[in-house]
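>>> Make a model of this:
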Amino acid sequence: MKRGLISWMLAALSLATSLIAQEPGEPAERAAFGAALARYRAGDYEQALKAFSELVERGGEAVAPQARLNGALAALRLLRSGDAEALVAPLTGRDGWRAEAAFVLGMAARQHGERAVVAAELPDAEPMAWVMATKAMQRSELQLREAVRLRPDWPAAVRNLERAIRRRAEVEAARDAAAPKESKKEDAPEPEPPIEPPASEQPPEVVIPEVATAELSARELEQLQERVRQQQRQKVRGRQQRSRTGAGAGRRDW
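Next up is the predicted model:
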């Protein structure tokens, strides 16, 4: 991550050099601006950000753009990308300062991207970490392209646009390399249809095993024999009745 942040640090220094000479016009504002700038030059970025933020809060919409931009640079030095974006957001629609605002937004997006890259390389990384990293790098490149379009003669913007293009390609390559390779899935063979036996062949006989029964008592045996005798007598009577009915139907009455 440190190597990835060197580019924006150098760019921020270039931007600060181009802005710090343009101090606000009001005496009180100039004094406060000078004090904040001194802290920035001394490397006390925390106090510099605080001082520039107070200037912005007091001045509101009328505050000099330099206060917003230098405060954003201090925020970038502290890796507080969100604070930097908030400070320069009002300048994106202000004539004469759109290029500088786009530059800072490009640097902030780069920081977001570098943090996402570090998160994506962790063993337990979230599935969307690489997506967030590549999108942030793409935003960085787009913002820097806008800065160069508005100020094509700005060396810091041109240099950092070139860096952003290279870095985006590196991150996308790392994302592709980290993506799990799709295993080749062979088509599962279709189940073979059941083999029908030839029509001439009969299916094998199913043998039902005999079930052993307990011996009947004398009383149960007598009842069973009586039931069989009744069934036999009923069959005999049935045949006799059918025989008489058939004989009667054969007589002729004439």
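>>> any low-confidence regions in the stretch 151-254 of the chain?
181-218, 220-221, 224-225, 228, 236, 245-254 (pLDDT under 70).
>>> show me the contacts for the closest residue to Arg77 other than its chain neighbours.
Ranked by Cβ to Cβ, 6 or more residues apart in numbering and with sequence neighbours excluded, the top spatial neighbour of Arg77 is Tyr45, at 4.2 Å. All C-beta spots, glycine's among them, are computed from the backbone N, C-alpha and C. Applying Cβ atoms under 8 Å, 6 or more residues apart in numbering to Tyr45 gives the contacts Arg39, Ala74, Arg77, Leu78.
>>> Distance check, the third one against Val104.
Read it as Arg77. To Val104, Arg77 is 12 Å away according to Cβ to Cβ, to the nearest Å.
>>> what do you get for the first one?
Relative to Val104, Arg39 is positioned 19 Å away (Cβ to Cβ).
>>> The two: who's more crowded?
Between Arg39 and Val104, counted using other Cβ atoms under 10 Å, the more crowded position is Val104 (30 against 18).
>>> quick one: which helix or strand includes that one?
helix 98-120 (DSSP states H and E).
>>> in that helix, what's buried?
Buried residues in helix 98-120, counting neighbours by 16 or more other Cβ atoms under 10 Å, are found at 98-117, 119-120.
>>> State the mean pLDDT of that helix.
The average pLDDT within helix 98-120 is 95.
>>> Just after it, pick out the following helix or strand.
Note on helix 98-120: by DSSP H and E, the next helix or strand toward the C-terminus is helix 129-150.
>>> Which elements pack onto that next one?
helix 98-120, helix 155-178 (3 or more Cβ pairs under 8 Å, 6 or more residues apart in numbering; DSSP states H and E).
>>> between those, which gets nearest to Gln230?
Shortest distance between Gln230 and the helices and strands packed on helix 129-150, using Cβ to Cβ, is found for helix 155-178: 89.6 Å.
>>> could I get the closest one in PDB with only the CA atoms?
Extracted C-alpha coordinates of helix 155-178, given in PDB (Å, rounded to 0.1, in the frame of the first residue of the first chain):
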ATOM      1  CA  PRO A 155       2.300  18.800 -15.400                       C
ATOM      2  CA  ALA A 156       1.200  17.300 -12.000                       C
ATOM      3  CA  ALA A 157      -2.200  16.300 -13.500                       C
ATOM      4  CA  VAL A 158      -0.700  14.800 -16.600                       C
ATOM      5  CA  ARG A 159       1.900  12.800 -14.600                       C
ATOM      6  CA  ASN A 160      -0.700  11.400 -12.200                       C
ATOM      7  CA  LEU A 161      -3.100  10.600 -15.000                       C
ATOM      8  CA  GLU A 162      -0.400   8.400 -16.500                       C
ATOM      9  CA  ARG A 163       0.200   6.800 -13.100                       C
ATOM     10  CA  ALA A 164      -3.500   6.200 -12.600                       C
ATOM     11  CA  ILE A 165      -3.800   4.500 -16.000                       C
ATOM     12  CA  ARG A 166      -0.900   2.100 -15.200                       C
ATOM     13  CA  ARG A 167      -2.200   1.500 -11.600                       C
ATOM     14  CA  ARG A 168      -5.700   0.700 -12.900                       C
ATOM     15  CA  ALA A 169      -4.200  -1.900 -15.300                       C
ATOM     16  CA  GLU A 170      -2.100  -3.400 -12.500                       C
ATOM     17  CA  VAL A 171      -5.100  -3.700 -10.200                       C
ATOM     18  CA  GLU A 172      -7.300  -5.300 -12.900                       C
ATOM     19  CA  ALA A 173      -4.600  -7.800 -13.600                       C
ATOM     20  CA  ALA A 174      -4.300  -8.700  -9.900                       C
ATOM     21  CA  ARG A 175      -8.100  -9.000  -9.800                       C
ATOM     22  CA  ASP A 176      -8.100 -11.400 -12.700                       C
ATOM     23  CA  ALA A 177      -5.200 -13.400 -11.300                       C
ATOM     24  CA  ALA A 178      -7.000 -13.800  -7.900                       C
END
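>>> So for that helix, what gets flagged as buried?
By 16+ other Cβ under 10 Å, the buried positions in helix 155-178 come out as Ala156, Ala157, Arg159, Asn160, Leu161, Arg163, Ala164, Arg167, Arg168, Val171, Ala174, Arg175.
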